[in-house]
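Coordinates only, no sequence provided:
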């Protein structure tokens, strides 16, 4: 083999070896929402869904953090500016190495911050923007951080669900989202379906190292505020939607519709906070054959 060719091969091998590996992405860390009525949010997430407000961030009553479990939260920011601003602030995923993930994404030509530093809660985190400009955060919980100091605390027995099983937001270009979530981050398609059998309106992409998923919400044209709330949503996993329905009824909630079986064959109950964000109670396993494609494990 000519010397020059051998040198090029060696340099290529060194470069490939030097590229950082993707660390683990284990699940949904939180969903963050804006509100213009924090007391209404406290009633919905705290009293009716039963989550403890584990701590507050920033100035008094700036951000309320409702604890779903030790690794998952619903953050509500009391700074909504009205229809000019999305109610969805950002979604966040947990990783076991934020700095390495930043470096890995940079090597894949994803626009990332110049460095990863501790955030105000004492964790390592950084933010990117998805193809439609939504903020997406990646967080690594560190020992001694506000979250870690609260492990085992604030796990109210009143919680209607103990896990956020997925989050979703509007998605204009499936190929662009696939490039980020599938090709770069390692998420995988576990189900896709639509309002009709011959179209795809939703794509469920499971995190590479856990069971939670992110849902593309496709074919959304000129959405109203309520439609945005339906699309930019969270799903709370429950063993029984029927029992969850009884629970929220007993706490004074009046859902607009009773539980139903969705196109994915799963029982669900759609609930809406005061700013129209949908929090659906969902049984993780289908009870009927899903439309459009099988659900992959």
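Everything's here; your move. Computed from a predicted model, the values in this text were never measured in an experiment.

Strands of the stretch 151-297 of the chain, start to end?
164-170, 188-193, 202-206, 213-217, 233-237, 260-261, 267-272, 278-282 (DSSP state E, counting those that start in this stretch).

and those as a markdown table, adding distance to residue 48?
(Each C-beta comes from the backbone N, C-alpha and C, glycine too.) As requested, those are arranged in a markdown table below (distance: least, Cβ to Cβ, whole Å):
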| stretch | distance to residue 48 |
| --- | --- |
| strand 164-170 | 16 |
| strand 188-193 | 29 |
| strand 202-206 | 26 |
| strand 213-217 | 23 |
| strand 233-237 | 12 |
| strand 260-261 | 20 |
| strand 267-272 | 8 |
| strand 278-282 | 10 |
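
wait, residue 145 sits on residue 121?
Yes. With contact defined as Cβ atoms under 8 Å, residue 145 reaches residue 121; the gap is 5.5 Å.

Can you verify residue 104 is assigned to a strand?
No. Assessed with DSSP: H, G, I helix; E, B strand; the rest coil, residue 104 is helix; it does not lie in a strand.

where does the chain have low pLDDT?
Along the chain, segments meeting pLDDT under 70 span 1-17, 60-61.

Break it down into its domains, please.
25-149, 164-282 (automatic domain parsing).

Could you measure from residue 143 over to residue 122?
Computed as Cβ to Cβ, to the nearest Å, the residue 143 to residue 122 distance reads 9 Å.

swap in residue 74?
For residue 74, the distance to residue 122 equals 20 Å [Cβ to Cβ].

What segments of the chain are helices?
Listed in chain order, the helices of the chain (DSSP state H) span residues 3-18, 38-41, 98-107, 146-149, 174-177, 225-231, 241-250.

will you turn these into TSV that also has distance to residue 29 and mean neighbour count?
As requested, these are arranged in TSV below (distance: least, Cβ to Cβ, whole Å; neighbours: other Cβ atoms under 10 Å):
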stretch	distance to residue 29	mean neighbour count
helix 3-18	29	9
helix 38-41	19	18
helix 98-107	11	19
helix 146-149	9	16
helix 174-177	19	14
helix 225-231	20	18
helix 241-250	23	16
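
Tell me which of those sits nearest to residue 127.
Of all the helices of the chain, it is helix 98-107 that lies closest to residue 127, at 10.3 Å by Cβ to Cβ.

Pull the number of nearby residues for residue 157.
Residue neighbour count, defined by other Cβ atoms under 10 Å, stands at 6 for residue 157.

Offset the numbering so it begins at 451, please.
Sure, I'll start numbering at 451, so the last one becomes residue 607.

OK, contacts around it?
Contacts for residue 607 were tallied using Cβ atoms under 8 Å, 6 or more residues apart in numbering; there are none.

so what's the backbone phi/psi at it?
Listed backbone geometry of residue 607 is phi -70, psi -10, with angles given as degrees, to the nearest 10.

ok, now residue 671?
Residue torsions, per degrees, to the nearest 10, at residue 671 are phi -110, psi 130.

how much space between residue 528 and residue 645?
Remark: distance between residue 528 and residue 645 (Cβ to Cβ) = 35 Å.

the more surrounded of these two?
Neighbours were tallied for residue 528 and for residue 645 using other Cβ under 10 Å; the higher tally belongs to residue 528 (19 against 12).

and the gap between that one and residue 522?
Taken as Cβ to Cβ, the spacing of residue 528 relative to residue 522 amounts to 21 Å.

mind listing what residue 501 touches?
Contacts were defined as Cβ under 8 Å, 6+ apart; by that measure residue 501 touches 495, 516, 517, 518, 524, 606, 608, 609.

Quick check: the fifth one touching residue 478?
No. Between residue 524 and residue 478 there is no contact, the gap being 10.5 Å when judged by Cβ under 8 Å.

what's the overlap in contacts for these two?
Each of residue 614 lies in contact with both residue 524 and residue 478 under the rule Cβ under 8 Å, 6+ apart.

Against residue 521, how distant is residue 602?
When Cβ to Cβ is applied, the distance between residue 602 and residue 521 equals 12 Å.

Could you check which of these two has the larger neighbour count?
residue 521 (19 against 7).

what's next to stretch 468-475, contact-wise?
Counting by Cβ under 8 Å, 6+ apart, the neighbours of stretch 468-475 from elsewhere in the structure are 543-547, 550-551, 553-554, 557, 588, 635-637, 657-660.
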